[in-house]
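Student: need a 3D model of the sequence below.
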Amino acid sequence: MFEHFFQCPYCWEEISVLLDPSVMRQTYIEDCEVCCRPIEFHVAFEESELVEFRASDIEQ
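Tutor: Here you go, the predicted structure:
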């Protein structure tokens with residue numbers, strides 16, 4: 001597992017997520033552990049290296 005730190009697009013708190021480099025491309029939704037709002041993640045790995053990470057708010 002790979003720990004990655006980022007800022008929540010809602011509350012701007014720095015939080016971390018655990019990413020699995022064995023899955024080359026991932027898109028999923030997870031709630032912020034601070035403000036509990038939904039964040040959409042886009043993650044990509046190449047040869048176990050993180051090459052893309054986006055954490056976006058979800059327009060509702």
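Student: contacting residues around the residue nearest in space to the middle of the chain?
Tutor: Closest residue to the average C-alpha location of the chain: F41 at 4.3 Å, with Cα atoms, centre = their mean. Counting by Cβ atoms under 8 Å, 6 or more residues apart in numbering, F41 makes contact with V17, Q26, T27, Y28, I29, E30, F53, R54, A55, S56. (Glycine included, C-beta is placed from N, CA and C.)
Student: what's the farthest-apart pair in the residues you listed?
Tutor: Within these, I29 and F53 form the most distant pair, 14.8 Å apart (Cβ to Cβ).
Student: the more surrounded of the two?
Tutor: F53 (15 against 10; other Cβ atoms under 10 Å).
Student: can I assume that one is in contact with H42?
Tutor: Yes - if you go by Cβ atoms under 8 Å, F53 and H42 touch, sitting 7.4 Å apart.
Student: hey, what's in contact with both of these two?
Tutor: With Cβ under 8 Å, 6+ apart, F53 and H42 have no common neighbours.
Student: how close does the closest residue to A44 other than its chain neighbours sit to L19?
Tutor: Spatial nearest neighbour of A44, excluding adjacent residues (Cβ to Cβ, 6 or more residues apart in numbering): E52 at 3.8 Å. E52 sits 11 Å away from L19, taking Cβ to Cβ, to the nearest Å as the criterion.
Student: between those two, point out the one with more neighbours.
Tutor: Each of E52 and L19 has its neighbours counted (other Cβ under 10 Å); L19 has more, 17 against 11.
Student: now for the more buried one: which residues touch it?
Tutor: M1, F2, E3, H4, Q26, V43, F45, L50, F53.
Student: what helix or strand is the residue nearest to the centre of the chain on?
Tutor: strand 38-46 (DSSP states H and E).
Student: what strands line up against that strand, and which way round?
Tutor: Looking at strand 38-46 with DSSP bridges, its partner strands are strand 25-31 (antiparallel), strand 49-57 (antiparallel).
Student: okay, now the unreliable bits of the chain?
Tutor: Along the chain, the model assigns pLDDT under 70 to residues 60.
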